[in-house]
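>>> Coordinates for the following, if possible.
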Amino acid sequence: VVDALRTLFDSMPLPPPSVKFEGDQAASDAPLRVLLTSSEQYTSIVRSGNFRTWQANAMARAQVAKMHPLFLGEAGLWNGILVVKMPKPIRFYAGDSLNWCPSVTSAAEQSDRVPASFGKQFAVDRALLLGGQALAEAFGKARQTGNPYFWSEKELDHGDKLEILVGMISGKSKVRFEIDHGTQKEITDFGVMAIDTAVKLAA
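A predicted model of the protein is given here:
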C-alpha cells in the first residue's frame, strides 16, 4: 500500500503537500506524509516482513528532528510515508453504508454497502493519509481581552463560593479549496486522502 501511494503521488496533478515538523532538518530534502491506520491495518503492515527496517528509518529521522514524538514508539517510515497507529479505528461493519466520490471533478457521492458476507469476522477500516494543510485552525477575539482567551470570576451564594470560568474562542476544520480541473472548478478536499481496506477482526 505504501509503495502504491508513493507511485500515485508522482502521477497526481495535486498530491497532498508534505508535512513539516519544527526542528526537522530533513523536511526539505526528504518530504513526508503521515498515514494514520487502524490497529488491524497496522498489524497487516507489521506482518509484511520489513517493518523493523521501517521502525529503524523512523528512529533515524527522529535523530535529525529533535526527537519529535511522532517518529517514536510504534511509528514506521518507508518511502516518504510515516505510518502511525490511530487510537480509535474508523470502521464500517457488514451492512454499513460507505459513501465515496467516484470522480475528482464532482462532489456527487456514490453509496455502497459493506458485504453482508463479512459477518462478524471482517470489516472495512479507513486509514487517513495526511499532508500539510490538511487541518486549519482559526482563533477569535474575546470581547473581554481582545485575544482568543478569557477569564471570568463571579462570587455566588452571598460571597461564600467563587465561580471561575476560563474560555477560548477557536475552531478546527478540514481544509477545502476550489480547484480548477480544467473544464470546471470544484470544491475539493486538500491535504487528506481516505484509504479503505478490508480487515480481519479479532475473535
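>>> Pull the residues that contact the helix ranked longest in the chain.
In the chain, with assignment by DSSP state H, the single longest helix is helix 51-63. With Cβ atoms under 8 Å, 6 or more residues apart in numbering as the test, helix 51-63 has contacts from 24, 26, 30, 32, 45, 68, 71-72, 74-78, 82-83. In short, each C-beta sits where N, CA and C put it, glycine included.
>>> cool, stretch 181-189 as well?
Applying Cβ under 8 Å, 6+ apart, the external contacts of stretch 181-189 come out as 14, 104, 105, 106, 107, 174, 175, 176, 177, 178, 179.
>>> Also stretch 3-10?
Stretch 3-10 has contacts (Cβ under 8 Å, 6+ apart) with 15, 16, 33, 35, 78, 79, 80, 81, 129, 195.
>>> Please apply the same query to stretch 162-173.
Contact with stretch 162-173 is made by 135-142, 148-156, as judged by Cβ under 8 Å, 6+ apart.
>>> Narrow these to those in strands?
Members of these lying in strands (criterion: DSSP state E): 135-139, 149-156.
>>> among those residues, which ones are buried?
Neighbour-count burial (16 or more other Cβ atoms under 10 Å) applied to the ones in strands among the contacts of stretch 162-173 gives residue 150.
>>> Make CSV out of the ones in strands among the contacts of stretch 162-173 and add distance to residue 187 and pLDDT.
Formatted as CSV, the ones in strands among the contacts of stretch 162-173 follow (distance: Cβ to Cβ, whole Å; pLDDT from 0 to 100):
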residue, distance to residue 187, pLDDT
135, 17, 88
136, 14, 90
137, 20, 92
138, 18, 93
139, 24, 94
149, 32, 93
150, 34, 91
151, 38, 89
152, 39, 89
153, 44, 91
154, 44, 91
155, 50, 92
156, 48, 91
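>>> Would you state the helices of the chain in chain order?
For the chain, applying DSSP H gives helices covering 2-11, 39-46, 51-63.
>>> which one of those helices is the most hemmed in?
helix 39-46 (a mean of 19; mean count of other Cβ atoms under 10 Å).
>>> could you check the angle helix 51-63 makes with it?
100 degrees (axes from the mean of the first three to the mean of the last three Cα atoms, to 10 degrees).
>>> Helix 39-46 packs against which elements?
In this structure, helix 39-46 packs against strand 81-85, strand 122-130, strand 192-200, with contacts taken as 3 or more Cβ pairs under 8 Å, 6 or more residues apart in numbering; DSSP states H and E.
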